[in-house]
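Peer 1: Return a 3D structure for these sequence lines:
(3 chains)
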Amino acid sequence: METATHDIPRKTRILQALEDQHTSVSFTDPLENDLILNMGPQHPATHGVLRLLVRLDGETVIACVPEIGYLHRGYEKLAESCTYHEFIPHTDRLDYLSPLANNVAYVLAVEKLLGIEAPPRAQYLRTMIAELARISSHLMMMGSIGMDVGALTVWMWTFREREKLYDIFESLVGHRFTTSYTRIGGLVHDMTPEAESMIRKFIEDFPENLEESEKLINKNRIFIERTDGVGVISREEAIDMGVTGPCLRACGVNQDLRRTNPYLVYNKLDFDVAVFDGGDSLARYYVRLQEMKESQKVVVQLLDKMPKGEIHAFKPKKVLPKKERVYTKMEELIHDFMIVNFGVDPPVGEVYSAVEASKGELGFYFYSNGDGHPWRMKIRSPSFVNIQALPMMLRKAMISDVVAIIGSLDPVMGEADK
Amino acid sequence: MGLESALGDSLMLSKLEDAINWCRKNSLFPMPMGISCCAIEMMAFAGPRFDSSRFGSEVFRFSPRQADVMIVAGTTTYKMARVVRKIYDQMPDPKWVIAMGACTSSGGMYRTYSVVQGIDQFLPVDLYVAGCPPRPDNLLHALITLQQKIQRRESKGSTLALAGDFPQHKPKPPVVA
Amino acid sequence: MNARTLEKLNKQFGNGILESNEFRGELAVVVPPEKIVEVCRFLKEDPDLRFEMLADLFGLDMYSPVKRFGVVYNLYSLKNHHRIRIKTFVEESHPHVQTVTGVWSTANWHERETFDMFGIVFDGHPDLRRIYMPDEFEHYPLRKDFPLMGIPGSLYLPKK
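Peer 2: Numbering: from 1, shown residues only, chains lettered A, B, ... in the order given. Modelled structure (predicted):
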């Protein structure tokens, strides 16, 4: 929404307007300063503890400086004193909307360093939980963008769907939320038949339930006017700023790590990558909506193709042995003791491994010097980089659009602040 | 401190105080200080399945001036501690604080340079909820325990004024398992 | 693909590439700090390689008497779907590296984070200040000689 009066210098404009009012009061430019608004770390609409300092000219945003670091917990320093196994519960708390995906990403990076591979059933299960986590995270985004724009019902209905997913996680893993399901070389325990039937039922009913919530906002004129053409970022700017994930695919770039650098069993599955043009909030919303539908297709294929078999790799000195064998056999007892106390035995070297998490490219870098705990661990978090692109998206937006734009960007501060 | 200071120390006060406490406990409007993962469970606690509004917490007031109880949910870092304290100071009396989760009770699983090891280092806390994150049922139980605590006229911190000048009411914070 | 990239780099820079190694299918190249901007610009603009995306930039504390701090650049090519890792090492007494914000704008926050955590100064950076810790914090947390629990009294806590 441009105003033509931006061309005339403001000083003249204000004085002109005042003089036209036949006023006898004279003052020297009280309206000269711009307003600097602090959308503080505690705010209902910024997703988490993100602080935005916004410079306003009336209601239009001129510039914006995001400030992060209010949730910096020192993960990278913590990892230097934890063994590789001990860090798995910490990875849940990174992107806390889809904790299973972080577990999978971390364990894939460690397995790349050690040079081992999990058995096929474990890989299929890991793919399935990563997609369920993606559905959970995108449902949350749909709810919050609805809530930011003003539609509270969408939030309630998507939360109802998320509660069903939490029930599935509880039956599968033992906890609703911070799961720590994966281990180096496999998973904690196998999927029980009742968990499988719960997942099947959920994924069969999911398209109709999603359509119910979709019908509320997709063709709603208020939602479309508040998100269409708002928060635009061009394709070159997005690549230059390192934006990844749905925000990049909404600018027309066909980049998805599941297709370009396949990991787990994605190269055996049939799914489309959602790419939309435009680079605005509506495109970002549509990309995530389409991704949920593709994830649903992927989970159905995985449930049909799931092979039977082991879920732990058999590598005695690197993978934790099964508990029954630890209590009965001698070698397994020794291996268990060594792995828990001194860590798995990695070679000297460095690796970087990235997966396509729900927010973008989540990568783990390890520099190992042969010890049981990493010398340096770096988490490449997608939200940290996506928030850096926020000032570009907020150019020429109105103050009330700021909230909708942050909602469509979907940052998670646990990941951005590490 | 409104009603107590206006009415002073009179005989009718104890029955009136029970009635006032009954009103206060059944209309606790929480202010969510949702910082990290516990905030998602707090949203579920307000969501359709574990509904907190049936216990009187009808809306989540995001402005501190309109809230009674502050639920601190999430890891508090030193940088955020200033902000939390500022917002706590802005809440009008009587006010209570629920420390939700392991990170606010004692620093949780983060024993690092930037995490405050428990928010009771800079805030007076009424209730601790254990769990990482605590289930929403756990938080509902905490809300009900806080309501019982208010009815029993026990409280800590700035709400000492609530008990008036009754020295036999010794404040003790309960731990919710 | 790794061999092709290494060949092009050697052809362009010759002695500029100090060492290179390959581990688990990934190529890592070490360059001296003066040449880092040239190498990055070459890798970004070469029509065949086109490493357009800077995935990550961070610091590394080797805790060795010579060349203590390293800066690691993680590049990704959208055209070839290929990764490469560039490293430079600087001394503890003079931890200065040229900034690459002119090549990729995303390096802005990454370099701020590296400065905050290690104390490596990036010359030419438009806005080098702390990003995670409060501005008045005086130490660099990810250095190996900083304790995990922190230094008592280094951060401000409000009074009860």
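Peer 1: how about the residues of chain C that lie near chain A?
Peer 2: Counting by CB under 8 Å from any CB of the partner chain, the residues of chain C close to chain A are C:23-24, C:26, C:28, C:52-56, C:58, C:60-61, C:72, C:74, C:78, C:81, C:83, C:85, C:104-106, C:108-109, C:117, C:130-134, C:141-142, C:146, C:148. The way it works is simple: take the backbone N, C-alpha and C, and place the C-beta from them, glycine included.
Peer 1: Mind giving me the PyMOL select for these, buried ones only?
Peer 2: To isolate the buried members of the residues of chain C next to chain A in PyMOL, using 16 or more other CB atoms under 10 Å in any protein chain shown:
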select buried, chain C and resi 26+28+52+53+54+55+56+58+60+61+72+74+78+83+85+104+105+106+108+109+117+130+131+132+133+134+141+142+146
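Peer 1: pLDDT averaged over the longest helix along chain B - what is it?
Peer 2: Identified as the longest helix of chain B according to DSSP state H is helix B:136-151. Across helix B:136-151, the average pLDDT comes to 88.
Peer 1: which residues sit against that helix?
Peer 2: For helix B:136-151, the surrounding residues in contact (CB atoms under 8 Å, 6 or more residues apart in numbering or on different chains) are B:18, B:21-22, B:24-26, B:28, B:41-42, B:44-45, B:47, B:49-50, B:52, B:55-57, B:69, B:71, B:96, B:98, B:100, B:126-127, B:129-131, B:134, B:155, B:162, B:174, B:176.
Peer 1: With stretch C:98-113 instead?
Peer 2: So stretch C:98-113 is contacted by A:240-242, A:384-385, A:388, C:33-34, C:36-37, C:40-41, C:44, C:53-54, C:56-58, C:73, C:122-132 (CB under 8 Å, 6+ apart).
Peer 1: Would you check that residue A:383 makes contact with residue A:390?
Peer 2: No - Residue A:383 lies out of contact with residue A:390 (CB atoms under 8 Å); the separation is 10.6 Å.
Peer 1: who's more crowded, these two?
Peer 2: Higher neighbour count among residue A:383 and residue A:390: residue A:383, with 28 against 21, using other CB atoms under 10 Å in any protein chain shown.
Peer 1: bridging residues for the closest residue to residue C:20 other than its chain neighbours?
Peer 2: Spatial nearest neighbour of residue C:20, chain neighbours left out: residue C:29 (4.6 Å); criterion: CB to CB, 6 or more residues apart in numbering or on different chains. Residues in a beta bridge with residue C:29, per DSSP bridges, are residue C:20, residue C:86.
Peer 1: List the contacts of residue C:29.
Peer 2: C:6, C:9, C:17, C:19-20, C:39, C:84-87.
Peer 1: what comes up buried for stretch C:2-22?
Peer 2: Quick answer for stretch C:2-22 (16+ other CB under 10 Å): C:5-6, C:9, C:16-17, C:20.
Peer 1: In helices, which of those residues appear?
Peer 2: Judged by DSSP H, the buried residues of stretch C:2-22 include C:5-6, C:9 as members of helices.
Peer 1: pLDDT and distance to residue A:158 added to these, as JSON lines?
Peer 2: Formatted as JSON lines, those follow (pLDDT from 0 to 100; distance: CB to CB, whole Å):
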{"residue": "C:5", "pLDDT": "84", "distance to residue A:158": "45"}
{"residue": "C:6", "pLDDT": "85", "distance to residue A:158": "49"}
{"residue": "C:9", "pLDDT": "84", "distance to residue A:158": "49"}
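Peer 1: what's the helix or strand for the closest residue to chain C within chain B?
Peer 2: Nearest to chain C, among the residues of chain B, is residue B:113, at 2.9 Å (CB to the nearest CB). Assessed by DSSP states H and E, residue B:113 sits outside every helix and strand.
Peer 1: Need the phi and psi values for the one residue sitting closest to the centre of chain C.
Peer 2: Nearest to the geometric centre of chain C sits residue C:71, at 3.1 Å (CA atoms, centre = their mean). Main-chain dihedrals, residue C:71, degrees, to the nearest 10: phi -120, psi 130.
Peer 1: Hmm, the residue of chain B closest to chain C is touching residue C:153, no?
Peer 2: No - using CB under 8 Å, residue B:113 is not in contact with residue C:153, being 11.9 Å away.
Peer 1: From the contacts of stretch C:98-113, list the buried ones, please.
Peer 2: Among the contacts of stretch C:98-113, those buried by neighbour count (16+ other CB under 10 Å) are A:240-242, A:384-385, A:388, C:33, C:36-37, C:40, C:44, C:53-54, C:56-58, C:73, C:122, C:125, C:128, C:130-132.
Peer 1: Close to chain A: what parts of chain B are there?
Peer 2: Contact residues (CB under 8 Å from any CB) of chain B with chain A: B:33-37, B:39-41, B:43-44, B:47-49, B:62, B:74-75, B:77, B:79-80, B:83-84, B:87, B:109-110, B:112-115, B:132-133, B:135.
Peer 1: Can you list which of those are found in helices?
Peer 2: Filtering the residues of chain B next to chain A for helices - DSSP H - leaves B:37, B:39-41, B:43-44, B:79-80, B:83-84, B:87.
Peer 1: near chain C too, which of those?
Peer 2: Restricting those to contacts with chain C (CB under 8 Å from any CB) yields residue B:79.
Peer 1: Quick check: the two most widely separated of the ones in helices among the residues of chain B next to chain A?
Peer 2: Using CB to CB, the two most remote members of these are B:44 and B:79, lying 26.9 Å apart.
Peer 1: Quick check on those two: which one has the bigger neighbour count.
Peer 2: The residue with more neighbours, out of residue B:44 and residue B:79, is residue B:79; 26 against 22, by other CB under 10 Å.
Peer 1: Can you read off the pLDDT for that one?
Peer 2: Reading off the confidence values, residue B:79 has pLDDT 89.
Peer 1: what sits against it?
Peer 2: Contacts of residue B:79 by CB under 8 Å, 6+ apart are A:69-70, A:72, B:114, C:133-134, C:155.
Peer 1: I'd like the distance between it and residue A:51.
Peer 2: In this structure, residue B:79 and residue A:51 are 10 Å apart, going by CB to CB, to the nearest Å.
Peer 1: what does the lowest-mean-pLDDT helix or strand in chain C contact?
Peer 2: Counting by mean pLDDT, DSSP states H and E, chain C has its least confident helix or strand at helix C:2-13, which shows a mean of 84. The contact list for helix C:2-13 (CB under 8 Å, 6+ apart) reads C:17, C:20, C:22, C:25-27, C:29, C:31, C:35, C:38-39, C:42-43, C:46, C:48-49, C:82, C:84.
Peer 1: Same check on stretch A:203-223?
Peer 2: Here stretch A:203-223 makes contact (CB under 8 Å, 6+ apart) with A:135, A:142, A:146, A:149-151, A:153-154, A:157-158, A:161, A:289, A:292-293, A:296, A:299-300, A:303.
Peer 1: Could you find the closest non-adjacent residue to the residue in chain C positioned nearest to chain A?
Peer 2: Closest approach between chain C and chain A, counting by CB to the nearest CB: residue C:106, at 3.4 Å. In space, and not counting its chain neighbours, residue C:106 is closest to residue A:242: 3.4 Å by CB to CB, 6+ apart.
Peer 1: residue ranges with poor pLDDT in the chain?
Peer 2: Answering for chain A, as no chain was given. Applying pLDDT under 70 to chain A flags the ranges A:1-33, A:45-46.
Peer 1: that's the other chain; I wanted chain B
Peer 2: B:1-14, B:154-177.
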